[in-house]
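Engineer: take this sequence and fold it.
(2 chains)
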Amino acid sequence: MSSPTFIPRTAASAIRSFGYAIAFLATAHLAANRAHAQDTPLISGGVGFFTQTYGGDTTFYPTIEPLVAAPIGRHLMVESRASLFEFFTPGQTGYDHSHFIGLTYLQADILASRHFTFVAGDYLIPFNTYNDRLSPIWISNFQDGPLIANLSLSKTGSGLGGMVRGNAIERDKFSIDYAYYFSARSANEQFGASRGSGGRSTLYLKEARLELGLSYDRLLQGTHENFYGAHLWWEPKDTAFRLRSEYGRGHHAHGYWVEADYRTPAFGGLDSWVGRIEPVFRIQQTFRRDNVVSDGLPSANTQRADFGLDYNLPHNTRILTSYARQFSSTGDVNVWETAIVYRFLFPAWKGKQP
Amino acid sequence: MISKHLLVGVLILSSVSALAGAVHQDTAPASSGETAKHTAQPQDEGEKLFQQHCSRCHNAPDGFSPRISGTVLRHMRVRASLSQHEEEVLLRFFNP
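Structural biologist: So this is what the prediction gives:
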């Protein structure tokens, strides 16, 4: 089965790290008395129950991904996300199970202006779009990420250090955003990261609702490898159609994915029972450039097509179903997936009314 | 064995849904603006900004408490590089 997009750290350290975030929440609670009434810290995230049948073996994994965000004053915010899941996998005499708790990120954001936001801590690397924009379980259209999702300098998907991001140019017709970072090497079990730097620039054409982006990473430890990425997103105006795609190229492999989804407003709007149906399609390919398998991509050239049918229930609940056929010289497999995901979002405590 | 696991999963989901139900009772009318995301006819600057900056990545939540609307926007401001003006416009959009 597909592995998650980060390597879970030990439960104790992850709990300790998430405890830091809770401590920040407490600090924010004190600061909130002097802040705006709408700035109460929040607890958000998703909880889901996933099943995957990969080549005949069925795995179950209930998952919780909590997120906390706590503003402190007007220009500072602390946020963190974690992931907790239990795997039930078929064994010799029934089902074995194992659990993981992992801190996904823990960062402080200093909002200087729209042009400059400084991020410090353990952050998601802004390489292409999946890692930092689409990976939460309450956002993904498919329950597993693309095959090239791990293609960047860090296997954890996160960096430890600093990042500056913001809006470089804003015009009526277009805007250009950027995010550039430097990460230190860290073998700390809580905040493991590789030494490297890189970033992403994005052009957004407002009328066409077209987004184009380029990403670059350079590993600055061991063999200095370069990673290149490009993405294209298109959401035509006045439709509920979305097209997303990415291309990534590493030192040893490259690949791409293209995903499309659609909801029709033709039968009573998007909140009707028909409008809540969301067909999803994704096609992806990976290609090896040599035999060094160190980048998380499959060990042989792989092609895969995913056909999904999601249903958007009221109250932030989604049902995700999909069938995929994967072709590779190591063997062709069928992948069946079903999931139900609920997104929660509420204040961390009962505060004063705005 | 599997049915036991399924039962545990259903119980977890039920518990969270019940908790969320309680929270939903306290949600703001902002949800009407939020669910308007897919109406495909921009009504004001706030909705236009929402479509350009927020719904590019995710579907709109059904609703949330007005007490966290500022925090939600601060969270989005980091990711979508919103200006302070845009943050204020979206705040009015969430809290009409």
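Engineer: out of the helices and strands in chain B, which is least certain?
Structural biologist: Within chain B, confidence by mean pLDDT, DSSP states H and E is lowest for helix B:30-35 among all helices and strands, at a mean of 38.
Engineer: next secondary structure after it?
Structural biologist: Going down the chain from helix B:30-35, the next helix or strand is helix B:45-49, by DSSP states H and E.
Engineer: neighbouring contacts of stretch A:156-164?
Structural biologist: By Cβ atoms under 8 Å, 6 or more residues apart in numbering or on different chains, the surrounding residues in contact with stretch A:156-164 are A:5-7, A:104-105, A:116-126, A:131, A:135, A:150, A:179-184, A:186, A:188, A:191-194, A:196. Where C-beta positions appear, they are placed from N, C-alpha and C, glycine not excepted.
Engineer: and B:M76, how far is that from A:G296?
Structural biologist: Going from B:M76 to A:G296 by Cβ to Cβ, to the nearest Å gives 29 Å.
Engineer: go on, A:W233?
Structural biologist: A:W233 sits 23 Å away from A:G296, going by Cβ to Cβ.
Engineer: pLDDT weak spots in the chain?
Structural biologist: If you meant another chain, say so; for now it's chain A. A:1-37, A:153-154, A:351-354 (pLDDT under 70).
Engineer: not quite, go with chain B.
Structural biologist: Low-confidence segments of chain B (pLDDT under 70): B:1-43.
Engineer: check it for the residue nearest chain A and tell me.
Structural biologist: Nearest residue of chain B to chain A: B:G70, at 3.4 Å (Cβ to the nearest Cβ).
Engineer: quick one: contacts for that residue?
Structural biologist: Residues in contact with B:G70 (Cβ under 8 Å, 6+ apart) are A:H36, A:Q38, A:D39, A:T40, A:P71, B:L91.
Engineer: ditto for A:A69
Structural biologist: Neighbours of A:A69 in contact, by Cβ under 8 Å, 6+ apart: A:P41, A:L42, A:S44, A:M77, A:V78, A:E79, B:T71, B:R74, B:H75.
Engineer: now with 6 Å, please.
Structural biologist: If you count contacts by Cβ atoms under 6 Å, 6 or more residues apart in numbering or on different chains, A:A69 has them with A:L42, A:E79, B:T71, B:H75.
Engineer: can you put the residues you listed in JSON lines and add secondary structure?
Structural biologist: Formatted as JSON lines, these follow (DSSP: H, G, I helix; E, B strand; the rest coil):
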{"residue": "A:L42", "secondary structure": "strand"}
{"residue": "A:E79", "secondary structure": "strand"}
{"residue": "B:T71", "secondary structure": "helix"}
{"residue": "B:H75", "secondary structure": "helix"}
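Engineer: does the residue of chain B closest to chain A fall in a helix, a strand, or a coil region?
Structural biologist: Under three-state DSSP, the three-state class of B:G70 is helix.
Engineer: please apply the same query to A:P66.
Structural biologist: Three-state call for A:P66 (three-state DSSP): strand.
Engineer: shouldn't it be in contact with A:S44?
Structural biologist: No. The criterion here is Cβ atoms under 6 Å, and A:P66 misses it with A:S44 at 7.6 Å.
Engineer: which one of those two is surrounded by more residues?
Structural biologist: More crowded of A:P66 and A:S44, by other Cβ atoms under 10 Å in any protein chain shown: A:S44, with 24 against 18.
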